[in-house]
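Student: Structural data only, the sequence is not supplied:
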């Protein structure tokens, strides 16, 4: 029986991945160098801290990972505050889970300064009980610690947890934690969808399939 459901934010609860791809392009343009063709796909599987470290090494930047994360966050802040929408049926499914007594948690690479405004604006913040930022923890989603930490706080065993993710790395981390996994379709990750289907226990096009 599922007692705790984890949700990634970018690409899972909200339709925001296209914005981050634009940030990648804009940032490389500002640096005056061409962006590697595989850059966006590579960093999509990383946490915020690891992405910053990778980019600093790649471009030989003179800044700390936190300083670079702050630059990127400032580039998207207005979009998160006012524009980024929920994915289809996300609110309805969270309401469905809450009506059945399931604890709900965010497990995201985003920092609170971004996920709090967008979740509050779209009306789902109050439907979530626990908030975990792998960015703040400086961990990648491909490791089970992100999920096990939250489950431990709620005293829920891994086998009673379900994880929703749009990227393969997140699914692998949740499976390594011993949790049931659901891959969520995202239009910005079309090339990875078959691998996501093959990796997750279940795959959905949108949350209406879960109700």
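Tutor: Perfect, I can see it now. From a predicted model like this one, the values you see are computed outputs, not experimental measurements. Numbering: from 1, shown residues only.
Student: Run through the residues that contact the closest residue to residue 122 other than its chain neighbours.
Tutor: Computed as Cβ to Cβ, 6 or more residues apart in numbering, the closest residue to residue 122 that is not its neighbour in sequence is residue 86, at 4.8 Å. From N, CA and C alone the C-beta is placed, and that goes for glycine too. By Cβ atoms under 8 Å, 6 or more residues apart in numbering, the contact list for residue 86 reads 13-15, 122, 124.
Student: Out of these, which sit inside helices?
Tutor: Assignment to helices by DSSP state H places none of the contacts of residue 86 there.
Student: next helix or strand past the longest helix along the chain?
Tutor: The residue-count maximum for a helix in the chain (DSSP H) belongs to helix 65-82. The C-terminal neighbour of helix 65-82 among helices and strands, as given by DSSP states H and E, is helix 90-99.
Student: tell me the mean pLDDT over the following helix or strand past that next one?
Tutor: Going down the chain from helix 90-99, the next helix or strand is strand 103-108, by DSSP H and E. Here strand 103-108 scores 95 as its mean pLDDT.
Student: that older thread, top of the contacts of residue 86 by number of neighbours, please.
Tutor: When neighbours are taken as other Cβ atoms under 10 Å, the top entry among the contacts of residue 86 is residue 13 (27 neighbours).
Student: Sketch out the strands for the chain, chain order is fine.
Tutor: Using DSSP state E, the strands of the chain run over residues 4-7, 103-108, 130-133, 161-165, 180-184, 202-204.
Student: Tell me the spacing between residue 45 and residue 26.
Tutor: Remark: distance between residue 45 and residue 26 (Cβ to Cβ, to the nearest Å) = 21 Å.
Student: The two: which has the busier surroundings?
Tutor: Comparing residue 45 with residue 26 by other Cβ under 10 Å, the one with more neighbours is residue 45, at 17 against 13.
Student: mind checking pLDDT for that one?
Tutor: pLDDT, residue 45: 81.
Student: So for residue 66, which of the strands of the chain sits nearest?
Tutor: Comparison of these against residue 66 by Cβ to Cβ identifies strand 130-133 as nearest, at 13.1 Å.
Student: distance of the most far-flung residue of the chain relative to its centre from residue 20?
Tutor: Largest separation from the mean C-alpha position in the chain: residue 32, at 28.7 Å (Cα atoms, centre = their mean). For residue 32, the distance to residue 20 (Cβ to Cβ) stands at 21 Å.
Student: that older thread, mean pLDDT lowest where, among the strands of the chain?
Tutor: strand 130-133 - the lowest mean pLDDT of the strands of the chain, at a mean of 91.
Student: Show me what it is packed against.
Tutor: strand 103-108, helix 112-121, helix 145-154 (3 or more Cβ pairs under 8 Å, 6 or more residues apart in numbering; DSSP states H and E).
Student: Thanks again, I'm all set now.
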